[in-house]
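Trainee: following is a predicted model, sequence given first.
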Amino acid sequence: MKKLQELFENVKITFLTSAAKISQCPPSSMDEYAVLGRSNVGKSSFLNHIFSMKSLVKVSRQPGKTRLINFFSLNEEISLVDLPGYGYAKMSHSDRDSMGSMIRDYCENRENLKGIIWLLDFRREEGTDLDKGAASWLAELGIPVFVILTKSDKLNQKEVAQNLKSIRETYKFPEQVPVLSYTTSREKSRDVFWNRFYDWVMLNKKVEII
C-alpha cells in the first residue's frame, strides 16, 4: 500500500457502487471510513469539496434524498462511504426506520469499517436529540470518530470559539477525538481536513504503512 501521506497529497476519487442493504455492499477488500450525519447537515457539499469535484455527490435542495449507501475509492487504496442522512422529519416513519436500520446494520456489521467521519452543524452548539442519540450509539459502537463541524462560515470568530467549547461539553468528546470546523467556501479547509484525517488514521493505527 502507498504511504498515506502520498495518498492524500493527490487524491483520485472513483465512484464504486451503491447499496440498499449490507448484503449488496462490495467485497471488503479496502479499509473503509464512513461519512455520517443528520439530514441537511451538508454531507454532499462536504464530500464534493474534499474531493475538489462539484458534482460527484448530488446536492439536493430537499434533505433526505440520499437513501443508499454510496462507496467511493480513494486511489484504489481506501474507501470513503457516504451513508444516508438520518432523521429527516418529512420522511414517512417507515422510510426513517429503514434508513436508521440501514445505517446501524452497516456500522455494526461491516468488518472493514475502520472509522466514522461524523458531521455536525456548527451552529447547533446545544445539540439536537437526534445527534445526542447518535453520540450515545457511536460511543457504544467503539469505532474511532472524527467530528466535522459544518457551516462554520455562518459564524463569526467569537461564535466559533464559543460553539466549539459548547459542542465539546455537550457531547463530552474525549481528547483523542478530533473536532474540526469546516467550510466549503475556503479552499484551505480541504488541505486541513486531509492532514487531520491522515493524523487520525495514523493515531488509530488502522491502515497498514509500508
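Mentor: Structure received. For clarity, every value in this text was computed on a predicted model and none was experimentally measured.
Trainee: please count neighbours and contacts with C-alpha atoms only from this point.
Mentor: Noted.
Trainee: helix or strand: which one has L16?
Mentor: Using DSSP states H and E, L16 falls within strand 13-19.
Trainee: so what touches that strand?
Mentor: Strand 13-19 is contacted from outside by 24-26, 51, 68-75, using C-alpha atoms under 8 Å, 6 or more residues apart in numbering.
Trainee: so which of these wins on neighbours?
Mentor: Tallying neighbours with other C-alpha atoms under 10 Å puts I69 at the head of the contacts of strand 13-19, with 23 neighbours.
Trainee: these two touch, right, that one and A20?
Mentor: Yes - contact criterion C-alpha atoms under 8 Å: I69 and A20 qualify, at 6.3 Å.
Trainee: paired strands for the strand holding L16, with orientation please.
Mentor: Under the criterion DSSP bridges, strand 13-19 sits next to strand 69-74 (antiparallel) in its sheet.
Trainee: quick one: the helix or strand following the strand it pairs with to strand 13-19, angle?
Mentor: Next along the chain after strand 69-74, taking DSSP H and E as the criterion, comes strand 78-82. Strand 78-82 runs at 50 degrees relative to strand 13-19, counting by axes from the mean of the first three to the mean of the last three C-alpha atoms, to 10 degrees.
Trainee: name the strands paired with strand 78-82 and say parallel or antiparallel.
Mentor: Strand 78-82 has the following strand partners under DSSP bridges: strand 31-37 (parallel), strand 69-74 (antiparallel).
Trainee: what packs against the longest strand seen in the chain?
Mentor: The longest strand of the chain (DSSP state E) is strand 113-121. The contact analysis (3 or more C-alpha pairs under 8 Å, 6 or more residues apart in numbering; DSSP states H and E) places strand 113-121 against strand 31-37, strand 145-150.
Trainee: please put the alpha-carbon coordinates of stretch 139-154 into CSV.
Mentor: Output in CSV follows, covering the C-alpha atoms of stretch 139-154 (Å, rounded to 0.1, in the frame of the first residue of the first chain):
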residue,chain,number,x,y,z
ALA,A,139,-19.9,5.6,22.0
GLU,A,140,-21.3,2.1,22.4
LEU,A,141,-20.1,1.1,18.9
GLY,A,142,-16.5,1.8,19.9
ILE,A,143,-15.3,2.8,16.4
PRO,A,144,-12.9,5.8,16.1
VAL,A,145,-14.8,9.0,15.3
PHE,A,146,-13.6,12.2,13.5
VAL,A,147,-16.0,15.1,14.1
ILE,A,148,-16.5,17.7,11.3
LEU,A,149,-18.4,20.9,12.2
THR,A,150,-20.1,22.1,9.0
LYS,A,151,-21.2,25.5,8.0
SER,A,152,-18.6,27.3,10.1
ASP,A,153,-18.7,30.3,7.6
LYS,A,154,-22.1,31.1,9.1
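Trainee: what's the mean pLDDT across that stretch?
Mentor: Averaged across stretch 139-154, pLDDT comes to 91.
Trainee: shaky segments in this protein?
Mentor: By pLDDT under 70, the low-scoring segments of the chain are 1-11, 54-66, 88-99, 205-210.
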